[in-house]
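# Make a model of this:
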Amino acid sequence: MGEPGGYRCVECNREAPELYRDYQRGVLRIAICIHGKLCIFCLLCEAYLRWLQLQDSSQNTDPDDLIRYAKEWDFYRMFGIASLEQTAFLIGIFTALWLARLESLKTKSDFIFLLKALLLSSYGKLLLIPAVIWEHDYTPLCLKLIKVFVLTSNSQAIRVTLNLSQKLTLLAILSGLILENGTVYLFQRMGWNV
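This is a model prediction of the structure:
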């Protein structure tokens with residue numbers, strides 16, 4: 001099997017502790033990274049939600065319809081916007097924590113560990129899909145509650161990962177929200193439908 005620590009993830013090229021895990025009777029599970037996949041899936045959920053909420057959406061499903069193809073481009077645009085907003089949110093958090101000059105956040109590996117914790121703690125965004133599918137009168141309330149849940153999870157990830165006070169953690173989350181909302185405002189000023 002090679003020397004210990006000699007394995008690398010095929011997706012991110014980082015060291016992997018194992019190539020696969022052998023369960024009983026020949027059942028194998030390949031060891032893979034989940035952080036990037038979870039982040040992409042959460043962004044797709046967010047883009048899908050925004051795409052469905054576009055004001056001019058129609059129900060025409062004719063494959064030759066040019067409007068349908070334009071709507072697909074709208075989905076890609078929404079994915080790009082969601083990606084930029086998530087990036088702004090994370091930059092806001094990292095900037096606030098970097099300015100605090102924390103002892104627990106000195107090396108590149110500390111930042112990477114925190115990034116992974118923040119990405120994993122955003123799993124609540126997966127609840128966007130059922131909220132959209134089971135659309136009802138309370139959908140806007142559900143979406144706000146999902147946002148609060150994700151922010152609470154992000155807050156806990158920062159507190160646990162860096163062993164910080166609640167005050168500094170909330171400041172970091174607030175910094176992320178301010179930069180994210182600033183990005184949304186910028187997109188709206190540019191005339192983009194966000």
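# Can you tell me, leaving aside adjacent residues, what's nearest to the residue nearest the centre of the chain?
With distances taken as Cα atoms, centre = their mean, C39 lies nearest the centre of the chain, 4.2 Å away. Closest residue to C39 apart from its sequence neighbours, by Cβ to Cβ, 6 or more residues apart in numbering: L119 at 4.7 Å. In this view, the C-beta of every residue, glycine as well, is placed from N, C-alpha and C.
# sorry, back to before: now name the helix or strand holding the residue nearest to the centre of the chain.
Here C39 is covered by helix 35-52, with elements defined by DSSP states H and E.
# try I91
Using DSSP H and E, I91 maps to helix 66-99.
# can you give me how far that helix is from the chain middle?
Its chain's average C-alpha position is 10 Å from that of helix 66-99, according to Cα atoms, centre = their mean, to the nearest Å.
# As a check, name the ranges of all helices in the chain.
Remark: helices assigned in the chain by DSSP state H are 35-52, 66-99, 108-120, 128-133, 139-162, 166-189.
# Put together TSV for those helices, with mean pLDDT on each row.
Converted to TSV, the helices of the chain look like this (pLDDT from 0 to 100):
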stretch	mean pLDDT
helix 35-52	81
helix 66-99	87
helix 108-120	90
helix 128-133	80
helix 139-162	92
helix 166-189	95
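# Out of the ones you listed, which gets nearest to E15?
helix 108-120 (11.6 Å; Cβ to Cβ).
# what angle separates that closest one from helix 139-162?
Computed with axes from the mean of the first three to the mean of the last three Cα atoms, to 10 degrees, the direction of helix 108-120 lies at 150 degrees from that of helix 139-162.
# buried set for helix 108-120?
For helix 108-120, the neighbour count (16 or more other Cβ atoms under 10 Å) marks 110, 114-119 as buried.
# Then stretch 122-138?
122, 124-125, 127-128, 131-132.
# go on, stretch 167-175?
By neighbour count on 16+ other Cβ under 10 Å, the buried set for stretch 167-175 is 168-169, 171-173, 175.
# Over to stretch 177-184?
177, 179-180, 183.
# Not counting its own residues, what contacts that stretch?
The contact list for stretch 177-184 (Cβ atoms under 8 Å, 6 or more residues apart in numbering) reads 84-86, 88-89, 91-92, 95, 151, 194.
# The residue lying closest to A88 once chain neighbours are set aside and F94, how far apart?
Spatial nearest neighbour of A88, chain neighbours left out: T183 (4.1 Å); criterion: Cβ to Cβ, 6+ apart. T183 sits 15 Å away from F94, going by Cβ to Cβ, to the nearest Å.
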